[in-house]
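J.: no sequence for this one, just the structure:
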């Protein structure tokens with residue numbers, strides 16, 4: 001066993017009807033469940049923000065999706081989402097979370113956001129996932145989840161930086177695409193870093 005499945009942020013707030021819904025986000029769930037049933041080592045990431053988190057537009061007194069230009073580079077300010085202990089932070093009920101080996105909560109520091117499963121957004125503070133995978137002899141990951149242009153991309157890019165192979169299942173990701181073309185740019189960025197974009201049938205044959 002040299003590969004692990006990473007299912008990124010398949011939570012109520014990122015699915016239709018949620019506070020920060022990704023269009024058709026729930027369509028990744030059957031793909032995630034199929035892979036969860038087939039891959040013995042799997043990780044679910046879960047945004048788990050305290051109230052007043054730095055990534056919330058309400059914390060800065062700004063409108064959702066505004067830019068916080070007090071930091072470099074400027075960051076997007078989001079609607080309040082995935083507040084720890086809330087229904088929005090729960091995994092989507094259709095996700096087979098019971099099949100996961102590890103649940104990794106991120107974004108728990110009130111003053112620091114966290115997109116990647118591997119590092120906080122400062123690029124330095126580790127979540128501990130890389131050490132866990134290394135201890136288990138994992139050399140590559142398969143990634144599905146939400147959202148292509150944020151947490152999926154950040155997870156994939158950090159995995160490549162750590163020397164892991166990365167396969168991203170095309171049918172298992174959806175994008176915010178706040179600016180038209182963001183999804184395509186994210187895919188190209190990941191491919192340029194050495195990630196493979198693969199069809200589900202390649203993973204299950």
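T.: Cool, got the structure. Keep in mind that what you see is a predicted model, and the values were worked out from it rather than measured.
J.: Contacts only, for residue 3.
T.: Listed by Cβ atoms under 8 Å, 6 or more residues apart in numbering, the contact partners of residue 3 are 39, 41, 138, 139, 140, 141, 142, 165, 167. (Glycine included, C-beta is placed from N, CA and C.)
J.: Could you list the low-confidence segments of this structure?
T.: For the chain, the stretches with pLDDT under 70 are 1.
J.: Quick check: the closest residue to residue 58 other than its chain neighbours vs residue 115, distance?
T.: Nearest-residue entry for residue 58: residue 80, 5.6 Å, with adjacent residues in sequence omitted and distances by Cβ to Cβ, 6 or more residues apart in numbering. Noted for residue 80: a distance of 17 Å to residue 115, by Cβ to Cβ, to the nearest Å.
J.: Looking at those two, which is more packed in?
T.: For residue 80 and residue 115, the more surrounded residue by other Cβ atoms under 10 Å is residue 115, and the numbers stand at 24 against 20.
J.: Most neighbours among the contacts of residue 3, which one?
T.: That'd be residue 141 among those, by other Cβ under 10 Å, with 26 neighbours.
J.: residues in contact with it?
T.: Applying Cβ under 8 Å, 6+ apart, the residues near residue 141 are 3, 4, 5, 6, 133, 159, 164, 165, 166, 167.
J.: run the last query once more with 10 Å
T.: 3-6, 41, 43, 117-118, 129, 133, 155-156, 159-160, 162, 164-168, 195 (Cβ atoms under 10 Å, 6 or more residues apart in numbering).
J.: how would you label residue 197: helix, strand or coil?
T.: strand (DSSP: H, G, I helix; E, B strand; the rest coil).
J.: what's across from it in the sheet?
T.: residue 168 (DSSP bridges).
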